[in-house]
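Colleague: let's see this in three dimensions:
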Amino acid sequence: MKNTDFKALSNHMGGVSRRDFMKYCSVMAVGMGLPIGMGAQIAEAVTKAAKRPPVIWFSAQECTGCSEALLRSTHPSFEHLILDLISLDYHETLSTPSGHQAEAARAASIKENKGKFILVVDGSIPIKDNGIYCMIGGKTALDILKETSKDAAAIIAIGSCAAWGGVPSAGGNPTGATPVHQIIKDKPIINIPGCPPSPYNFLSTVLYYVTFGKFPELDKLGRPKFAYGRLIHENCERRPHFDAGRFATEFGDENHRKGYCLYKLGCKGPETYANCPTIQFGDVGGGTWPVGIGHPCFGCTEGGIGFNKPLFTKANLHLVTPPDTYPHIVEQQGKGVGASLGGVAVAAAAAGAAYAAVNGVVKKLDKEEKGK
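Modeller: Residues are numbered from 1 along each chain as shown. Modelled structure (predicted):
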């Protein structure tokens, strides 16, 4: 990255140092599962971009929680994101103009950036009765989505409402609330579910797109694997208590106060894919997340769980595996062939014993459940 390129960007970013900027890009690279050296490539792409990628943020049936979470990001801060990394051309909540002027700004951005802008959709889309349950500027959210997505390069469905239907689609679903991917079939769509999702899952995805011109690797549900590739249960700080069979049975009981596993209180961590325990929420004070403060995970990143499975219903345990903190079967220890093989044997035995212990806990829980 040339000094001249960075100086121009630094002036826009309030004088941020080159060191801090490179550190930020490296952190984002690692967060996406890329080699740490890719941070330099991300920085190069950001500083050399002839034009910030235009973004239109469209809100339908939502609570503004996804926007609120993004507003509280600090690396980068929200103002650096919208003023230096992307061009946020339209966002109903954050736009300075309102009414006809705001809608005119959206139309102008579509016309100027046809086929080049990213459409971010926040909220589910009501389709019942021709979509009359969500209207903006005299048009239904359904019509606006179809009209805007037609000229978009790609779509990011942020939050569980846009990805799966979320709260508006629960129960009887009186408005016909529908996720984006069930309506738009001819555009690349990436789902970033959560209620709300971590802002850094969104920021990392946008930076990846800016750097490589494509989305990161996705799972079968269209979610970036770097954020939704592992079960919450695998990295949960309360996992050792689960493996030892120590559970809280009531909110506020002695086991709950001791920080024991929340499975029996309805924690959905064993069947929910997300990086909440590792990335957490809220940077001030080191971050936190629901399970960390004593509340069960309710599975908001999973469409069939978060807003459809009753809150205190126990999770399905069929995918439980030992966490990464247990020894690997092929771990190398010591020096020389003999020492290495000895290390492998010890590690394999430890992993086998640990896995047997986990299965023992699972079987005991299943037996308890069937005995009710």
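Colleague: what is the neighbour count of Leu119?
Modeller: By the measure other C-beta atoms under 10 Å, the count of residues near Leu119 is 26. C-beta here means a position set from N, CA and C on the backbone, and glycine is covered the same way.
Colleague: against Glu92, how distant is Ala60?
Modeller: Note on Ala60: its distance to Glu92, by C-beta to C-beta, to the nearest Å, is 10 Å.
Colleague: distance of Thr278 relative to Ala227?
Modeller: Here Thr278 is placed at a distance of 10 Å from Ala227 (C-beta to C-beta).
Colleague: and the helices in the stretch 201-350 of the chain, which stretches?
Modeller: Secondary structure of the stretch 201-350 of the chain (DSSP state H, counting those that start in this stretch): helices located at 225-228, 232-235, 239-243, 254-257, 276-279, 336-370.
Colleague: compare the mean pLDDT across those and name the weakest.
Modeller: When those are compared on average pLDDT, helix 336-370 comes out lowest at a mean of 57.
Colleague: ok, Lys363 - contacts?
Modeller: Taking C-beta atoms under 8 Å, 6 or more residues apart in numbering, we find Lys363 in contact with no residue.
Colleague: helices and strands of this structure: which one bottoms out on pLDDT?
Modeller: Here the helix or strand of the chain ranked lowest by mean pLDDT, DSSP states H and E is helix 3-12, holding a mean of 48.
Colleague: I'd say Asp151 and Ser109 touch.
Modeller: No - if you go by C-beta atoms under 8 Å, Asp151 and Ser109 don't touch, sitting 9.7 Å apart.
Colleague: more neighbours: these two, which one.
Modeller: Per other C-beta under 10 Å, whichever of Asp151 and Ser109 has more neighbours is Ser109, with 21 against 17.
Colleague: so the more buried one: helix, strand or coil?
Modeller: helix (DSSP: H, G, I helix; E, B strand; the rest coil).
Colleague: and it, what does it touch?
Modeller: So, once contact is read as C-beta under 8 Å, 6+ apart, Ser109 ends up touching Pro54, Ile56, Asp89, Tyr90, Phe117.
Colleague: next: Leu311.
Modeller: Counting by C-beta under 8 Å, 6+ apart, Leu311 makes contact with Gly266, Pro296, Phe298.
Colleague: using JSON lines, lay out those together with pLDDT and distance to Ala105.
Modeller: JSON lines is the format used below for these (pLDDT from 0 to 100; distance: C-beta to C-beta, whole Å):
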{"residue": "Gly266", "pLDDT": "94", "distance to Ala105": "44"}
{"residue": "Pro296", "pLDDT": "96", "distance to Ala105": "42"}
{"residue": "Phe298", "pLDDT": "92", "distance to Ala105": "37"}
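Colleague: in strands only, show me the residues you listed.
Modeller: Assigned to strands by DSSP state E, none of the contacts of Leu311 qualify.
Colleague: and those, which is closest to Asp366?
Modeller: Asp366 has its nearest neighbour among those in Gly266, at 16.2 Å by C-beta to C-beta.
Colleague: mind listing what's buried along stretch 228-238?
Modeller: By 16 or more other C-beta atoms under 10 Å, the buried positions in stretch 228-238 come out as Tyr228, Arg230, Leu231, Ile232, His233, Glu234, Asn235, Cys236, Arg238.
Colleague: was I right about the third one contacting Cys276?
Modeller: No - between Leu231 and Cys276 there is no contact under C-beta under 8 Å: 10.8 Å.
Colleague: any chance of a ChimeraX selection covering the buried ones in the contacts of Ser109?
Modeller: This is the ChimeraX syntax for the buried subset of these, where burial follows 16+ other C-beta under 10 Å:
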select :54,56,89,90,117
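Colleague: what's the closest of the contacts of Ser109 to Ala163?
Modeller: For the contacts of Ser109, the nearest to Ala163 is Ile56 (17.9 Å; C-beta to C-beta).
Colleague: what kind of secondary structure is that closest one in?
Modeller: strand.
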